[in-house]
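> Show me how the following folds:
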Amino acid sequence: MMVSAALLMLGALTAVLAPRLLARAEWPEREPVVALWAWQCVVGAVLLCFALSMLLSAAAAWFAVRGPLFAAAPHGVVHAYGLGGPQEGGPWAAVTALALAGGALWTGAMLTREVIRARARTRAQGAELRFRAPLLPGEEPDGARLVVLEGPRPDAWWQPGAKPQLVVTTAALDRLKGSQLDAVLAHEQGHVAARHDWLLHCSRALAGGFPQVPVFAAFEAEMYRLVELAADDVASRRFGRLTTALALVGLNEDRGVFGTSPAPQAHVSQRVRRLLSAAPRLSAGRRLRLTALATLVPAVPLMVAFVPGLSALA
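Purely as a prediction, here's the structure:
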């Protein structure tokens, strides 16, 4: 039961301290891809702590769980986890296991709900797109990668599906000059290639399922911000920072995001300033070290969970 309690404490500390450390760091702005990986590792470590704690608490509370879980383990390993008797864990182990199991079921339900809602949104958007831009005689369905819609407002988005398409309004075509449209296309292709939609679905499900847990709310907010920065970098490496920044301005200057109170989409002006400031990337060595350090975060709960057993075997 001590290991289960240690895992709970570790999960809580990780959930509190890691987001604060990432928020204070300056490098995520310069390396959004590494920051995305770091956030995934942090949230994965928190969930892993609670999952391992649930298993060990259930093993302490019920012999029916302990038997299959430690079936192949020597007797000394079972004693190393304090699981000697049939009622070793007491009522607290059962309460902890049931609470964590409820959280796991709720997490699965929220993820399922988010996937269903995302598919429904995709179908609705696809139906609207087919209505507004019907196929011409002889045109193959899903054959064109670029769809142009009549619209007075500059806009562009990636329509998911079996064959994703970039949708651009006629106002955007009038506004975007030169390679700016290519930069918009590269930006959206960056989202598709990195499967950013799945990151957004997972973060939205966790934040919606556990609104009182700050780490999940911060995870959702940072995913929305970092995926856009990562896609901006994909476009700027191909077509330049200035072209990408001008494309952002062209698509958003009529939406009031560059005024004195840009509230809803303040990140757009921040993205433009970031592109124009042209801050250098971190060195390859530092990127590698940060990636390795983030990868080690989920390994800590595994070490906490397995060290007693490995020590008993030694």
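> Ends of stretch 24-34, what's the gap?
End-to-end distance for stretch 24-34, by C-alpha to C-alpha, to the nearest Å: 15 Å.
> and residue 148, what are its phi and psi?
phi -110, psi 130 (degrees, to the nearest 10).
> and it, how many neighbours?
By the measure other C-beta atoms under 10 Å, the count of residues near residue 148 is 14. Backbone N, C-alpha and C define where each C-beta goes, glycine included.
> mind checking how far it is from residue 276?
Noted for residue 148: a distance of 29 Å to residue 276, by C-beta to C-beta, to the nearest Å.
> again with residue 60
57 Å.
> Which of these two has more residues huddled nearby?
residue 60 (27 against 12).
> Contact partners for residue 242?
By C-beta atoms under 8 Å, 6 or more residues apart in numbering, residue 242 lies in contact with 275-276.
> How many residues are close by residue 108?
12.
> One more: residue 15?
Quick note: residue 15 (other C-beta under 10 Å) scores 22 neighbours.
> Next: residue 240.
As a burial measure, residue 240 scores 15 neighbours (other C-beta under 10 Å).
> pLDDT wise, what is residue 143 at?
The model reports residue 143 with a pLDDT of 57.
> again with residue 281
Looking at residue 281, the pLDDT reads 91.
> With residue 269 as the reference, measure out to the nearest residue to it once chain neighbours are set aside.
Counting by C-beta to C-beta, 6 or more residues apart in numbering, residue 30 is the residue found nearest to residue 281 once chain neighbours are left out, at 6.0 Å. Per C-beta to C-beta, residue 30 is found 18 Å from residue 269.
> Next: residue 14.
33 Å.
> Who has more neighbours out of these two?
Legend: neighbour count by other C-beta under 10 Å for residue 14 and residue 269, higher for residue 14 (22 against 16).
> which stretches of the stretch 151-300 of the chain aren't confidently modelled?
For the stretch 151-300 of the chain, residues meeting the criterion pLDDT under 70 lie at 162, 256-266.
> Helices along that one, start to end?
Assignment of helices within the stretch 151-300 of the chain using DSSP state H, counting those that start in this stretch yields the ranges 170-175, 180-193, 196-209, 214-239, 241-252, 266-277, 284-296, 299-313.
> Any chance of those in a markdown table with distance to residue 72 as columns?
Output for the helices of the stretch 151-300 of the chain, formatted as a markdown table (distance: least, C-beta to C-beta, whole Å):
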| stretch | distance to residue 72 |
| --- | --- |
| helix 170-175 | 62 |
| helix 180-193 | 42 |
| helix 196-209 | 33 |
| helix 214-239 | 35 |
| helix 241-252 | 56 |
| helix 266-277 | 51 |
| helix 284-296 | 28 |
| helix 299-313 | 11 |
